[in-house]
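Undergrad: Just to be clear, the model below is a prediction. Sequence and coordinates:
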Amino acid sequence: MPNRGTPFACWWDDPLVVAIAPKLGDSRLTAWRRNIAVVLVGVAIGCGSWSPAACLVVGAIAVTIAPTTGLRVTVGLAAVASPWLPWPAPALLAVAGWYAVWLLQKSPRPNRTSHRVRVSQVIVSCSVGLAAGAIAALIASNRLIGEPIVLQLQKPALEFIVAAVIGLSALNAVAEELLWRVALFSETDTRLAIPVASQAISFGAAHWAGIPYGWSGVILAGVFSVALVMIKSRWGLSATLLAHFGADLVIFSAVGWTVIFAPG
């Protein structure tokens, strides 16, 4: 019996290795169904913030198109949870469902190539993340000047705000990377450029109501997704987590300074 391992093992030395590798014998139609389902789940998540009905309809279409059980469960849970649960709870729920399918199917562990993390890789990953975060934060901050976020809460201590920003940045980075760069990406043929494009479209569409929102957020997130896939292909999942965390840290920090609290 092959060694199954775990799809979340060896984050620091796992260059673009997927947990449930798609069969190379997939027909062209099946391959397209995989990628279309990946795109549609991003669209469904993006719809969740403004139209639960649209989110569920798009999610149902994605589940119908998806050719594998793992992909159906992943896109279905993400779509159903998006209108009702705060982000990134839907992403974590979808990853948990996908992982449960992985355990039940007893899928073999793919071959792993050892890869040692170097300082230069950490610097590049952080630089990409911070640059992406700075661009997004700049756009978001300009919008928030005219449309500030108002919370009917007394302003907490600075230490609490800092801890919340760091914690939310880490949680969001982990949830989104596990969903897009592990669960969804493992369900597509990584030899082709099409899955990279479907990931970019899906990740971008999911950020329609993100920071920044609208088309600028979609385009920025899509480009950032391509960069994250390239980083993962060279240095593994942990490098993408680091880059994503850096971007979110800058974005959430910028947004945090614009929040208006109720007078104490």
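TA: Cool, got the structure.
Undergrad: CA only for contacts and neighbour counts going forward, please
TA: Fine.
Undergrad: check contacts around I149.
TA: Applying CA atoms under 8 Å, 6 or more residues apart in numbering, we find I149 in contact with T258, V259, I260.
Undergrad: For burial, what's the neighbour tally of the nearest residue to the last one once chain neighbours are set aside?
TA: Sequence neighbours aside, V150 is the residue nearest to I260 in space, at 4.7 Å (criterion: CA to CA, 6 or more residues apart in numbering). V150 sits with 11 neighbouring residues when counted by other CA atoms under 10 Å.
Undergrad: V150 reaches V259, doesn't it?
TA: Yes. Applying CA atoms under 8 Å, one finds V150 in contact with V259, separated by 5.9 Å.
Undergrad: Nearest residue to the middle of the chain?
TA: With distances taken as CA atoms, centre = their mean, E176 lies nearest the centre of the chain, 2.5 Å away.
Undergrad: what helix or strand is that residue on?
TA: Using DSSP states H and E, E176 sits in helix 158-176.
Undergrad: repeat for V218
TA: Counting by DSSP H and E, V218 is part of helix 214-235.
Undergrad: before we move on, what about L104?
TA: L104 belongs to helix 89-105 when assigned by DSSP H and E.
Undergrad: tell me which residues of that helix are tucked away?
TA: The neighbour-count check on helix 89-105 (16 or more other CA atoms under 10 Å) flags 89-99, 101-102 as buried.
Undergrad: Out of these, which is nearest to W235?
TA: Comparing the buried residues of helix 89-105 against W235 with CA to CA places V95 closest, at 21.9 Å.
Undergrad: Can you check the pLDDT for the closest residue to the closest one other than its chain neighbours?
TA: Once flanking residues are discounted, V95 sits nearest to L179: 5.7 Å by CA to CA, 6+ apart. You'll see L179 listed with a pLDDT of 96.
Undergrad: Mind checking what secondary structure L179 has?
TA: Counting by DSSP: H, G, I helix; E, B strand; the rest coil, the backbone at L179 sits in helix.
Undergrad: Double-check it against P90; I have them as touching.
TA: No. Using CA under 8 Å, L179 is not in contact with P90; the gap is 9.6 Å.
Undergrad: Now for the two: what residues contact both?
TA: Contact criterion CA under 8 Å, 6+ apart; residues shared by L179 and P90: none found.
Undergrad: Can I get the buried residues of helix 89-105 in JSON lines including distance to A66 and pLDDT?
TA: Listed next are these as JSON lines, based on distance: CA to CA, whole Å; pLDDT from 0 to 100:
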{"residue": "A89", "distance to A66": "22", "pLDDT": "95"}
{"residue": "P90", "distance to A66": "18", "pLDDT": "96"}
{"residue": "A91", "distance to A66": "18", "pLDDT": "96"}
{"residue": "L92", "distance to A66": "20", "pLDDT": "96"}
{"residue": "L93", "distance to A66": "18", "pLDDT": "96"}
{"residue": "A94", "distance to A66": "14", "pLDDT": "96"}
{"residue": "V95", "distance to A66": "16", "pLDDT": "95"}
{"residue": "A96", "distance to A66": "18", "pLDDT": "96"}
{"residue": "G97", "distance to A66": "15", "pLDDT": "95"}
{"residue": "W98", "distance to A66": "13", "pLDDT": "94"}
{"residue": "Y99", "distance to A66": "17", "pLDDT": "92"}
{"residue": "V101", "distance to A66": "14", "pLDDT": "92"}
{"residue": "W102", "distance to A66": "16", "pLDDT": "87"}
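Undergrad: Spatially, which two of these are the most separated?
TA: A89 and W102 (19.9 Å).
Undergrad: show me where pLDDT drops low in the stretch 101-250 of the chain?
TA: Across the stretch 101-250 of the chain, the ranges flagged by pLDDT under 70 are 106-117, 141-148, 189-192.
Undergrad: quick one on the thing from earlier: OK, contacts around the residue nearest to V95?
TA: A91, L92, A94, V95.
Undergrad: Next: I211.
TA: Contact analysis of I211 by CA under 8 Å, 6+ apart lists A136, A137, A140, G217, I251.
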